[in-house]
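Please work out how this folds:
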Amino acid sequence: MINDDEGLLQMGCGNETNLNITIPVITISKSGGEELKKSMDGGAKVELLLYAPNRPILDYSVIFLWMMAVGTVVTASLWSEITGSENSDERYNELSPKESDAAAAKQEEDKEILHINTKSAVVFVITASTFLLLLYFFMSSWFVWVLIVLFCIGGIEGMHNCIVSLVMSKCKGCQKKTVNLPLLGEMTILSLVVLICCLIFAVVWAANRKASYSWIGQDVLGICMMLTVLQLAQLPNIKVATVLLCCAFLYDIFWVFLSPYIFHDSVMIAVARGDKSGGESIPMLLRVPRIADPYEGYNMIGFGDILFPGLLVSFSFRFDKANKKRILNGYFLFLTIGYGLGLAFTYLGLYLMDGHGQPALLYLVPCTLGTCVVLGWIRGELKQLWSYGTSSETPAAGEA
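Prediction:
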């Protein structure tokens, strides 16, 4: 059998792994098949050397994927410190007091923080499950293209926000030069230039999304988008975090492990692989090519496996900062370690279950939320963590 690609094709029978099939089948790459056909058509004698490569269950690339996931969560939590937004704004306001009030008001208006509540956490499970079923039953190339366009829009916005925030934290004078555009209105020249560059970056990635190097652009856009989401959406306390993460925990387990008993297929894994999309795959995940796998392919992690625990880790950093806790008597360090260990347990489960896809939140939720609850109980701060931010003195903020 000649493959339509250069990589080796791993043949199988879906989720049925216990079938005793003894039909010998040989698969070769596209270029090898063309060369073989050319030689046979020319009447040349052809000799074939057959082999069956062993596929490693875990590849070295999972280390890089682990570093990207943990790095995204840590960077999002420390973003205000990295950009120096608070301190630098104070220093800048001292130098230009006349513009400070207007600038602060504009910044507050532009940056609308959405505090997640318990109701939205429950609605998430219903909405996400419905959307997942739509993807599973109606997945097609045009449906994936809609997701690609939405991903590009979110990635452009995220990359633009990250770059502009970093540059303006180092160069305050950059925000003084503005230009008035017909559709976009007044915006800084820096913001316009960065927006054009981000737009070009996303278009180039979309046009070359099937190239071997396209994973780099997808990961850059995805990480920037998640950094922005973790800045805009925040958990107010552990009560909401418990509801959200427990719902996500059950959601992940059901659609990976239990859905085959109803749909005769793991819905989550089928959607992630893009089994019914004509070769297209959804872009809402980070992926890294396998290094030591003769069948090539990618190791992947979904955005939800980073965003949901990331919301809790970000909350722990804000809690530590507000209560002036040091790194060892705070929560941020231990939740970050817990998140890293949870990912490691995910890959361990992948190895022990012979490469079967794992619901990462099965390991991440106990390692992050469990760590936070246990530490709070030991330190006698669990009640404060549970009801944090609910007093009347807390500034009003938007809710999602």
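
Is V179 within a helix or a strand, and which one?
strand 178-181 (DSSP states H and E).

List of residues touching that strand?
E186, M187, T188, I189, L192 (Cβ atoms under 8 Å, 6 or more residues apart in numbering). C-beta: built from backbone N, CA, C; applies to glycine.

From those residues, keep the buried residues only.
T188 (16 or more other Cβ atoms under 10 Å).

now, which of the contacts of strand 178-181 lie within strands?
E186, M187, T188 (DSSP state E).

Tell me the one of those residues nearest T27?
M187 (53.8 Å; Cβ to Cβ).

Run through the residues that contact that closest one.
So M187 contacts T178, V179, L181 (Cβ under 8 Å, 6+ apart).

Among those, which one has the most neighbours?
T178 (14 neighbours; other Cβ atoms under 10 Å).

And it, how far from V271?
44 Å (Cβ to Cβ, to the nearest Å).

And stretch 34-54, end to end?
Start-to-end span of stretch 34-54 (Cα to Cα, to the nearest Å) is 25 Å.

Then stretch 254-270?
14 Å.

Report the buried residues of it.
Those would be F254, W255, V256, F257, S259, P260, D265, S266, V267, M268, I269, A270, for stretch 254-270 by 16+ other Cβ under 10 Å.

now that stretch: mean pLDDT?
The pLDDT scores in stretch 254-270 average 84.

Kindly report the same for stretch 223-238.
For stretch 223-238, the mean confidence score works out to 93.

same deal with stretch 158-166?
Here the average pLDDT along stretch 158-166 is 93.

Just list the residues touching V271, thanks.
For V271, the contacting residues are L132, L135, Y136, M139, I282, by Cβ under 8 Å, 6+ apart.

ok, 10 Å please
131-136, 139, 255, 265, 277, 281-282, 284, 302 (Cβ atoms under 10 Å, 6 or more residues apart in numbering).

Which of the three states applies to it?
helix (DSSP: H, G, I helix; E, B strand; the rest coil).

Same question for T75.
Looking at T75 with three-state DSSP, the answer is helix.

Just give the closest residue to it, not the sequence neighbours.
L227 (6.3 Å; Cβ to Cβ, 6 or more residues apart in numbering).

Surely the one you found is in contact with W79?
Yes. With contact defined as Cβ atoms under 10 Å, L227 and W79 form a contacting pair (6.5 Å).

What is the neighbour count of V243?
With other Cβ under 10 Å as criterion, V243 counts 20.

er, F131 actually
11.

Does anything pack onto the host helix or strand of it? Which helices or strands?
Applying DSSP H and E as the criterion places F131 in helix 118-138. Judged by 3 or more Cβ pairs under 10 Å, 6 or more residues apart in numbering; DSSP states H and E, the packing partners of helix 118-138 are helix 141-170, helix 238-253, helix 260-263, helix 267-273, helix 304-322.

got JSON lines for those, with distance to F334 too?
Listed next are the helices and strands packed on helix 118-138 as JSON lines, based on distance: least, Cβ to Cβ, whole Å:
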{"stretch": "helix 141-170", "distance to F334": "27"}
{"stretch": "helix 238-253", "distance to F334": "14"}
{"stretch": "helix 260-263", "distance to F334": "36"}
{"stretch": "helix 267-273", "distance to F334": "29"}
{"stretch": "helix 304-322", "distance to F334": "8"}
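
ranking those by burial, who's on top?
Mean neighbour count, computed with mean count of other Cβ atoms under 10 Å, is highest for helix 304-322 among the helices and strands packed on helix 118-138, reaching a mean of 23.

so that one versus helix 118-138, what angle?
With axes from the mean of the first three to the mean of the last three Cα atoms, to 10 degrees as the basis, helix 304-322 and helix 118-138 are set at 160 degrees to each other.

would you put the C-alpha positions of helix 304-322 in CSV?
Provided in CSV are the C-alpha atoms of helix 304-322 (Å, rounded to 0.1, in the frame of the first residue of the first chain):
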residue,chain,number,x,y,z
GLY,A,304,-8.1,23.7,28.3
ASP,A,305,-5.4,21.6,30.0
ILE,A,306,-3.4,24.9,30.3
LEU,A,307,-6.1,27.5,30.9
PHE,A,308,-8.2,25.8,33.6
PRO,A,309,-5.3,25.0,36.0
GLY,A,310,-3.6,28.3,34.9
LEU,A,311,-6.6,30.3,36.2
LEU,A,312,-6.0,28.7,39.6
VAL,A,313,-2.2,29.2,39.6
SER,A,314,-2.7,32.9,38.6
PHE,A,315,-5.2,33.3,41.4
SER,A,316,-2.6,31.9,43.9
PHE,A,317,-0.1,34.5,42.7
ARG,A,318,-2.5,37.4,43.2
PHE,A,319,-3.5,36.0,46.6
ASP,A,320,0.1,35.8,47.7
LYS,A,321,0.8,39.3,46.5
ALA,A,322,-2.3,40.8,48.1
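
Tell me which helix or strand comes right after it.
That would be, after helix 304-322 and using DSSP H and E, helix 332-352.

Mind giving me the packing neighbours of that next one?
helix 61-77, strand 298-302, helix 304-322, helix 361-365, helix 371-379.
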